[in-house]
Structures are given as C-alpha cells and as structure tokens.
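[1] With the input below, show me the fold.
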Amino acid sequence: WRQIYEDAQAYEANFPIPFDNVTQIQRLCILKAFRPDTIIKAARNFISAELGEQFISPSTFDLPLSFKESTPAIPLVFILPGSDPMASLMSFAEQKQKADTISLISLGQGQGVLAEKAIEEAKKNGTWVVLQNCHLAPSWMPKLEKICEYLESKAGKETTHITFRLWLTTYPSSDFPVSILQNSVKMTNEPPQGIKSTLLVSYKMAPIADTKNFFAKNLMPKEFKTLLFGLCFLHAIIQERRNFGPLGWNIHYDFNQTDLRISVKQLNLFLNSYSQIPFKALHYLIAECNYGGRITDDRDRRIMHALMQDYFSSKIFFNNYKFGGLEQYTVPDLGQYEDYIHFINKMPNKQEAELFGFHPNAEITRDLKETDQLCSSLLLVSGSNISKGSGSDGETQESKLVSICKEISSKLPKRFDTEIAQVKYPVSYSNSMNTVLLQEIERYNALIKVISTSLTQIEDALKGKIVMSEQIEKVCASILLGLVPDMWKKKSYPSLKPLASYISDLVERLHYFQSWIDKGPPKIQWLSGFFFTQSFLTGILQNFARKYTIAIDHLTFDFEFLQEPTNIQELQQSFEKPKEGSYIYGLYLEGCRWDFDEKKLGESFPKILYSTAPIIWLKPCEIGKESNFKHYKCPVYKTSERRGILSTTGHSTNFIMNIHLATDVEEAHWIKRGVALLCQLSDLSLIHISEPTRQAEISYAVFCLKKKKITST
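    This is a model prediction of the structure:
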C-alpha cells in the first residue's frame, strides 16, 4: 500500500491481496479514499473499460458537419467558454459566400430590437444572423424563444428563406430557454490542452500563419520572431494556469485567441515603427490593456506582470535562455516559419508544474480540484429527493434526515446572552475590542437562529405538523447531500467546507467566543474564528490611534513572527498580552511553507499542500515606519476559493489584508507560485493527506467493501 501511495501512476497499480480482483467501481472507491488526486485518470480507465474508448476521446470541432444538421428552423448554438468561435464562423461564412451579408449583434441592453429587425430581414433574404452573448440579455430571452417557436411552425417554415440560419453564442445560464437548447445544434470549441498544442494553434492562426505578408515582413526579423515566440508561449502559460484554480488565477478569466491576435499585431507595428524595442509600451498594452483588460483582481494583475518578465522581456535574448529554468523549453534559433513549427512539434507533450512557476505539489492541487468538481457534479446529478426509497443499509431518506437534524441540533450551543456580554464588555472609547466582540456574537446569534429554526421546521414538516415549503425542501436536499444549505449561507461566514466539517468548525467558533465572554479576551486571538475579520483588524488600529492620538488612516501593521501554534491552550497560559497590537493564529500557507528555524518562507515538502503559519504579532505603526526587510507581500484570504465580489474598496470580499513574509528570493518567485495565507481550508482531512486520516479512510473503505456497501462508500 505504501508503494501505491507514493506511485504517480497509482490509478494503474495492482492492489495487494485480497483486493487484487476488485471490480472497476470498487477500485474507484478505494482510490477515492486512498489517492483522491488520481480519480480523474482512474475514471477514464473505468469509462474506457465499461463503455469504450470513444467516450473518452474528444471529438474535433467540425463546423461544416454541424451546419449540415441545421435547418432554417433549427438554430446553431455555441456553448461558451471555449476558444472564440467567431474566427472559425467568419471563415466558414466566406466559404458559403455569406461573409458580406452576415449580421453580427452583441446582445445587451437595448440590442433586442436590433436583433428582431435583423432576424426579420434575414428570413426574407436568406442571410445569416449571429446573436452573441445571449446570457447578457436575460429579459429578451422569452422573445427569442417565441421567435424560434415561430420558425418551427408551419407558417414560419413557409415564410422563411431556405438559406437563413440563426447562430447563437451563450455561457451556461438558467435564463437561456430550454426549448431552444432542446431543438438546436449545440457546439463547443474546446481550447487546446497543453503548451505544445496551444503553441501550434497560435502559430497556425492569422496573422502569424501568413508567412509572406506578415511573418517574414518585419523590419527587425530576429527581434520580432523571438518576441513573437515568447508572446505565444506567454499566451499558452496564461491559458494553462487556469487549470490550477486559485493557484493560477484568483478568477477564471476568459483569455482567448483574440487577446493574442491583437498583441501580435501591436508587436509587429511597434517593431516596424521604432529603432529599439519599446518594452515599456508593449508591456502596458499587453499586460494592462489586451490581457489585463479582463483582469479585475490586483493579485492577478501582479501575476501577469511577473509572467511578462519571464516570457516577454529582454531576458529571452540571453544565450541559452530557458523558460521556467527547464532544459526542454528554450528559445528557438532564428529561422523560417516551418522551422518554428518543427521546433514546437519536438516539445514534450506533458509539462511540469515548474514551467508555469508552480511547485510540483500544484499538480496534486489541480487533480484534487478536478476530483472535487467531478464528485460535486455526480452529487447534483444523483439528486436527493426525500421521498425516495431506502438506502443500501435499509435506512430511509426520511429517517436519515431526521437523525442528521437531531445530531446537528445536539451539537449546536444555545445563542449567546448578549445582555450579559454587554454588561461585562461595555462599549469603551479606549477598548474597541468590546465592540468587536458584541458585533461578532450578534452575527453568530443570527446564524444559530436560522440553523435551529430550519432544523425544527424540517422535523415538524416530516411529522406533518406544517406544510413543507419549497425553501425547507431545498434545505433537506442539501443536508442529504452533505452540503451547507443556501439558506444558512446567506447568514453565514464564508466557508467551502462540507456540512459535517462546517458544523464542527461553527461549534469550535462558538466555544471560542463563549470562552472570551466567560474568561476574558484571549492572549492569542484566533483570526480565522472571526465572522467579520476586518472589524477585528480595525479595532486593533483604532485602539492604537486613540491611545496615541494618531489618525487611523495614517496607520498600518508591522509584523513579527513567533513559534508554531501547537498546544494553543498551553500557549494561551504562557503568553503575556502584548502592550500594542495582538497575537494571532489560525492561518495556513498555500504554495509554500514557513521555515520556523530560519523564520522565512521555504519550499513546500512533497505532497504537503498546506502548512501551518506561525503565530504572528500584528503591531500597529505609522505608515513608513514599518520594519525594512526583504519580503513577499502575501495576501490573506477567508477561503481557499480566494475570489469574491469586488467591493467598493477595490478589493475582493474574500481578501482580508497583506502580510509581509520574510524571504531570501525575489518576490516574483512566490507571486508565480500563487502563495497565499488562508483563514480556513475546504476540508482538512482531504487536503492534508495526513497519514492517520488516510489510514482511517482506507480502513472504512475496506470495511464497506467487506460488507458490500459499495453505494455507501
């Protein structure tokens, strides 16, 4: 088992006796507990063995074939995201001699009237209409549905020209009419996977593929061809980093070939116009306008600038320059167009995580993300109707729901007594922490009320005392799937944990604040336990500002890093409360680790995706008087998802603050690593891949297999 645990190809390894003859589905069950990062590859093997190889081989994008299946009454729908279909569509329109008469309309506010007029004219003349971004016009979708219904009717078929076609593009949206989806030709143009494939697609697109009029016509051929290769490589890196989730980009941006195409044209124009390479202007156009125009998160913007320095700067003209420091990825010698295609074809099919700037552990993070997406999709598809029959162990869904509700109710403490808290911790000018505490317990009381009320309503509805409303039925469905209900999330702090972990975390938070009320403020504050973390941080600064009569907007934090927060209860006793600021714990480092001996950032250990951050002393000080040391400005997030809603401050609602972490390497190294501090993890038992937890999961899997409870597993 140890050998399989360490094996990169664990999904193909032979299991020890007596599990050497398990079925494919049993094999998936064991791997889910043992090596969850291999599930996608194991699932491919399962599908191939049970259904056939054709179900795992992606089909090529064939626009002419899709067109043959359409009629004037059957729309053609491009499902986004994917590679921009417009270039392929316009090229196909030229082949069909429709390019000059095609009507392109990007839907949005006020565009519905223009779309209706264009469709009416095209029906008479037999031309094509392309309605882009249907998901941006939800109010006009019912009208589009009626238009399509008329096209299918007898009167519509008689009055519509035989060469008329209606093309639509849309992201998945609940507002898009189901009837159109059912009666349409649906297509998606999947973007190429991997650096090699993306580079080939880039070099075969216009204008790069125009060897006579573009590729070989620049006045600075060496500089142009070298920077062009670097730009295409940068585009591939940007695309592939999205597969790594928040490590790559906080937000999944829709970068596409259009961004590359305009950047390539600008590169050609600038090199033809200047005697020296205007890197500053090119960096601004590419990183801030073309690609950067899509970027809304400041942390993502600095990633973009860090990547530009590696793939599109004067560095790539150095002798033997290697992308990502890897021997296989060098800058090709000056040559003809065919030489570059040949050079790309010789590249490896698989890329190491280091090429994208990541630690090798990032591949595990990516695989776990894909496994989580697969399992979440399977849960949604399976449904959770409480009227369904009994499960594999004979327990009905209804009785299971009752037992879960009772278990949660038994664990949940009573609401905080705000009157006692107000007496013990009255509002004080010199101590803002009293106000912070009172605000926190009010927020938690509101959450407890929603949870306890909904659990009581579920029990009453199952007993027939009240009618089960649609809202309560949704809560039941979520509980049976092991998910936190949306009703609770509206009153909850941000969390990605499954239901069981969420309840345990909530109970721990409530005990923490009850201990604060009973025994006084803790000497080391649990930063992750606060409902609204910013109020706690503001309280620290406010106390300092009032004590020394300094404007709070002239203050910031300085940082001192102490020991590892093990045996926190003992540390609470041994620590003395700081004169200024506060000690905090409860943070996790993603993308690296903290070297407690050297007191600086270090590379992660193999297969350890998250590591505990040290106890940090937050010391208020005036701006400009912080400690001066080589550091990485590390963002702190509430959850591992990192992205949130853009607030009025210009920051994501998931973002808390920046903490300066000591380092002996350049800051860009950790920026490309995607290093961040997190207040909480999605699920500790899954992420840490800790030995005791994994052994417990394996034991449970073996137990279920012996009892033949495969469904439960």
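[2] Next one: the residue nearest the centre of the chain from Asn290, what distance?
    Taking CA atoms, centre = their mean, the centroid of the chain lies closest to Gly245, which sits 4.2 Å from it. Separation of Gly245 from Asn290 (CB to CB, to the nearest Å) stands at 24 Å. Yep, even glycine has a C-beta here, placed from its N, CA and C like the rest.
[3] just Met205 next, same as before
    From Met205 to Asn290 the distance is 15 Å (CB to CB).
[4] lowest average confidence, helix or strand, in the chain?
    Taking mean pLDDT, DSSP states H and E as the measure, the helix or strand of the chain with the lowest value is helix 684-687, at a mean of 39.
[5] how about the longest helix seen in the chain: buried residues?
    Longest helix in the chain, counting residues (DSSP state H): helix 433-463. Neighbour-count burial for helix 433-463, counted by 16 or more other CB atoms under 10 Å, picks out 433-441, 443-445, 447-448, 450-451, 454-455, 457-458, 461-462.
[6] go on, stretch 97-107?
    Residues Lys98, Ile102, Ser103, Ile105, Leu107 are the ones in stretch 97-107 that count as buried (16+ other CB under 10 Å).
[7] got a list of contacts for stretch 92-109?
    Outside stretch 92-109, the residues within contact range by CB atoms under 8 Å, 6 or more residues apart in numbering are 63-64, 67, 90, 111, 114-115, 118, 121-122, 125, 127-134, 136-137, 140.
[8] Span of it from start to end?
    End-to-end span of stretch 92-109 (CA to CA, to the nearest Å): 29 Å.
[9] Stretch 121-141 now?
    End residues of stretch 121-141 are separated by 20 Å (CA to CA).
[10] coming back round to it: so of the buried residues of stretch 97-107, which ones are in strands?
    Judged by DSSP state E, strands contain the following of those: Ser103, Ile105.
[11] so where does Cys634 fall, helix or strand?
    Per DSSP states H and E, Cys634 falls inside strand 631-637.
[12] immediately after that strand, which helix or strand?
    strand 655-662.
[13] Low-confidence stretches in the stretch 301-450 of the chain?
    383-395 (pLDDT under 70).
[14] how about the helices of the stretch 251-400 of the chain, start to end?
    For the stretch 251-400 of the chain, the helices defined by DSSP state H, counting those that start in this stretch occupy 257-273, 279-283, 298-311, 337-345, 362-382, 397-411.
[15] Show me what the first one is packed against.
    Spelled out, it's helix 257-273. For helix 257-273, the elements it packs on are helix 195-203, helix 221-241, helix 279-283, judged by 3 or more CB pairs under 8 Å, 6 or more residues apart in numbering; DSSP states H and E.
[16] Now do the strands in the stretch 501-650 of the chain.
    Remark: strands assigned in the stretch 501-650 of the chain by DSSP state E, counting those that start in this stretch are 524-526, 555-561, 582-585, 588-590, 593-595, 600-602, 610-612, 616-622, 631-637.
[17] If I take the longest helix of the chain and helix 397-411, what angle do their directions form?
    Here the directions of helix 433-463 and helix 397-411 differ by 150 degrees (axes from the mean of the first three to the mean of the last three CA atoms, to 10 degrees).
[18] Make 3 the starting number, not 1.
    Understood, numbering begins at 3; the last thing we discussed is helix 435-465.
[19] In CSV, list the helices of the stretch 253-402 of the chain along with distance to Cys636 and mean neighbour count.
    Formatted as CSV, those follow (distance: least, CB to CB, whole Å; neighbours: other CB atoms under 10 Å):
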stretch, distance to Cys636, mean neighbour count
helix 259-275, 29, 18
helix 281-285, 24, 14
helix 300-313, 10, 19
helix 339-347, 36, 15
helix 364-384, 17, 16
helix 399-413, 34, 15
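[20] Include distance to Arg37 when you put those helices into CSV, please.
    Below are the helices of the stretch 253-402 of the chain laid out as CSV (distance: least, CB to CB, whole Å):
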stretch, distance to Arg37
helix 259-275, 36
helix 281-285, 42
helix 300-313, 30
helix 339-347, 33
helix 364-384, 9
helix 399-413, 29
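[21] Of those, give the one that comes closest to Thr655.
    Thr655 sits nearest to helix 300-313 of all the helices of the stretch 253-402 of the chain, at 13.7 Å, using CB to CB.
[22] Contacts made by that closest one with the rest, please.
    Helix 300-313 is contacted by residues 232-233, 235-236, 239-240, 243, 251-253, 255, 285, 288-289, 293-294, 297, 317, 325-326, 359, 637, 644, 652-653, 657, 670, 673-674, 676, 678 when judged by CB under 8 Å, 6+ apart.
[23] now stretch 553-565
    Taking CB under 8 Å, 6+ apart as the rule, stretch 553-565 contacts 539-540, 542-544, 546-547, 583, 585, 596, 598, 601, 616-625, 627-629, 659, 661-664.
[24] mean confidence score for that stretch?
    Mean pLDDT, computed over stretch 553-565, is 95.
[25] how far is that stretch from where the chain is centred?
    Counting by CA atoms, centre = their mean, to the nearest Å, stretch 553-565 is centred 30 Å from the centre of its parent chain.
[26] Can you show me the CA trace of it as PDB?
    This file holds the C-alpha atoms of stretch 553-565, laid out as PDB (Å, rounded to 0.1, in the frame of the first residue of the first chain):
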ATOM      1  CA  ALA A 553      -5.300  59.500  12.600                       C
ATOM      2  CA  ILE A 554      -6.300  55.800  11.900                       C
ATOM      3  CA  ASP A 555      -5.700  56.200   8.100                       C
ATOM      4  CA  HIS A 556      -2.100  57.100   8.900                       C
ATOM      5  CA  LEU A 557      -1.600  53.600  10.400                       C
ATOM      6  CA  THR A 558      -0.600  50.200   9.100                       C
ATOM      7  CA  PHE A 559       0.600  46.900  10.500                       C
ATOM      8  CA  ASP A 560       4.200  45.700  11.200                       C
ATOM      9  CA  PHE A 561       4.700  42.000  11.600                       C
ATOM     10  CA  GLU A 562       6.800  39.800  13.900                       C
ATOM     11  CA  PHE A 563       6.800  36.000  13.500                       C
ATOM     12  CA  LEU A 564       6.900  33.700  16.600                       C
ATOM     13  CA  GLN A 565       6.700  30.000  17.100                       C
END
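[27] Quick check: closest non-adjacent residue to Thr40.
    Excluding the flanking residues, the one nearest Thr40 by CB to CB, 6 or more residues apart in numbering is Tyr13, at 4.2 Å.
[28] hang on, that neighbour packs against Leu33?
    Yes - if you go by CB atoms under 8 Å, Tyr13 and Leu33 touch, sitting 6.4 Å apart.
[29] Next, show the common contact partners of these two.
    Shared contacts of Tyr13 and Leu33 (CB under 8 Å, 6+ apart): Thr40, Ile41, Ala44.
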